[in-house]
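> fold the following and give me the result.
(2 chains)
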Amino acid sequence: MTQDQMTAARQFIDAIPHSRRLGMQLKELGDGRAIISMPYDSALIGDPVTKVIHGGAVSALMDTAGGAAVVAHPLAGLGTATLDLRIDYMRPATPGQTITATAECYHVTRTVAFVRATACDEDTDRPVATATGAFTVAKASP
Amino acid sequence: MSRPEPVTQVKRRRDLALSVIVNQVPYIEFLGVRFDRHGDELTATMGFHEDLIGNPILPALHGGATAAFLEITAIIGLSWSTLWNDIEAERLDVEAVQNGALVLPKTIDFTVDYLRTGLPRDAYARARVNRSGRRYASVHVGAWQDNRDRLFAQASGHFLMPQRHG
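Residues are numbered from 1 along each chain as shown, chains lettered A, B, ... in the order given. Below you'll find the model as predicted:
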């Protein structure tokens, strides 16, 4: 990424207080695709025995990546809202490792964007979770 | 017939059990979620704070914060319902729970429907366990803000139950 792109990426996350609070970083954005990472933080632990991050934090990461992918699609407007999001948890994320979500719009209509997302920790061959969702498409200005 | 247990003792036992379960999970505190108990019924509250915002222009709650709130409500509600008989029979080892002996149900899948914009104010949620088997459970959660009858989000999910020994 160029310096300008990195600044734009940082501003994108900084504009979303909850994503900023979770320490999310935008890695890639463009053409209906977004990659966002979330570093490990002990405040996000959901299972006190194993120290694994709570599924809810992974949901927030998936939702942010999904929304970013929609906003980055050439046919979609600037704003979006989630209509539904389904997450499948394949395995616990390894404690201490950053989780990275990759989201893509696989179909966009005038009203709805359909999104798929995958989250991985440092072992990128075995996803931690996958998600599918529907997001609103903002009306294009007439 | 033995005399019924004094009400203060009943409440103390149940509230202590609830607090040790909830306090085990750092993410519940991170999100600012607390649980109120009436008998065995739990109501979760996510107190509003600026860090929960996902759209600062509207402003609206982040869909991820809402999803996490619903998932927390489902897991604690499910765990609470399976532990209830132990709590009532005074079989719940509070000290062991505090020392990390409690294994919570694990989420298999979770589907959230966003029905209305989450407003920048407190949100409430209740879980309903629709099926609780030895290995799997199915839980539904509804969340509202101002009106109990106007849910702003709902979710349902499947959970893997902790294996009990003995």
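
> residue B:110 - that's part of a strand, no?
Yes: when classified by DSSP: H, G, I helix; E, B strand; the rest coil, residue B:110 is found to be part of a strand.

> chain center to the longest helix along chain A, what's the gap?
What stands out as the longest helix in chain A, according to DSSP state H, is helix A:55-71. For helix A:55-71, the distance between its averaged C-alpha position and the chain's averaged C-alpha position is 3 Å (C-alpha atoms, centre = their mean, to the nearest Å).

> rounded mean pLDDT for that helix, please.
For helix A:55-71, the mean per-residue pLDDT is 95.

> ditto for stretch A:87-107
Mean predicted lDDT for stretch A:87-107 stands at 97.

> so that stretch, near chain B or not?
Yes: between stretch A:87-107 and chain B, judged by C-beta under 8 Å from any C-beta of the partner chain, the touching residues are A:87, A:88, A:89, A:92. To be clear about C-beta, it is placed using only N, CA and C from the backbone, and glycine gets the same treatment.

> highest neighbour count among those?
The member of the residues of stretch A:87-107 next to chain B surrounded by the most neighbours (other C-beta atoms under 10 Å in any protein chain shown) is residue A:87, with 27 neighbours in all.

> my guess is that one contacts residue B:109, does it?
Yes: taking contacts as C-beta atoms under 8 Å, residue A:87 lies within contact range of residue B:109: 6.5 Å.

> so what's residue B:65 up against?
With contact set as C-beta atoms under 8 Å, 6 or more residues apart in numbering or on different chains, residue B:65 has these partners: A:18, A:60, B:31, B:46, B:52, B:54, B:118.

> would it count as being in a helix?
Yes: residue state for residue B:65 (three-state DSSP) corresponds to a helix.

> thinking again about what came up before, what would the residues of stretch A:87-107 next to chain B look like in CSV with secondary structure and distance to residue B:137?
CSV is the format used below for the residues of stretch A:87-107 next to chain B (DSSP: H, G, I helix; E, B strand; the rest coil; distance: C-beta to C-beta, whole Å):
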residue, secondary structure, distance to residue B:137
A:87, strand, 17
A:88, strand, 16
A:89, strand, 14
A:92, coil, 18
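
> quick check: closest non-adjacent residue to residue A:46.
Using C-beta to C-beta, 6 or more residues apart in numbering or on different chains and skipping residues adjacent in sequence, the residue nearest residue A:46 is residue A:54, 2.6 Å away.

> what's the one you found sitting at in phi/psi?
As for residue A:54, its main-chain torsions (degrees, to the nearest 10) stand at phi -70, psi 140.

> residue contacts, it?
Counting by C-beta under 8 Å, 6+ apart, residue A:54 makes contact with A:44, A:45, A:46, A:47, B:25, B:27, B:68, B:71, B:72.

> same thing with residue B:100?
A:48, A:49, B:24.

> swap in 10 Å and give it another go.
Residues near residue B:100 by C-beta atoms under 10 Å, 6 or more residues apart in numbering or on different chains: A:47, A:48, A:49, A:50, B:24.

> tell me which residue is most central in chain A.
To find the centre residue of chain A, average its C-alpha atoms and take the closest one (C-alpha atoms, centre = their mean): that gives residue A:65, at 2.0 Å.

> hang on, it packs against residue A:36?
Yes: under the criterion of C-beta atoms under 10 Å, residue A:65 lies in contact with residue A:36, with a separation of 4.5 Å.

> which residues do the two both contact?
Residues touching both residue A:65 and residue A:36 by C-beta under 10 Å, 6+ apart: A:19, A:24, A:26, A:27, A:29, A:100, A:101, A:102, A:103, A:117, A:119.

> write the PyMOL selection for whichever of the residues you listed are buried.
To isolate the buried ones among the shared contacts of residue A:65 and residue A:36 in PyMOL, judged by 16 or more other C-beta atoms under 10 Å in any protein chain shown, type:
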select buried, chain A and resi 19+24+26+29+100+101+102+103+117+119
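
> residue B:129 versus the spatially closest residue to residue A:136 that is not a sequence neighbour, what's the distance?
In this structure, residue A:136 finds its nearest non-sequential neighbour in residue A:81, 4.8 Å apart by C-beta to C-beta, 6+ apart. Distance from residue A:81 to residue B:129, counting by C-beta to C-beta, to the nearest Å: 29 Å.
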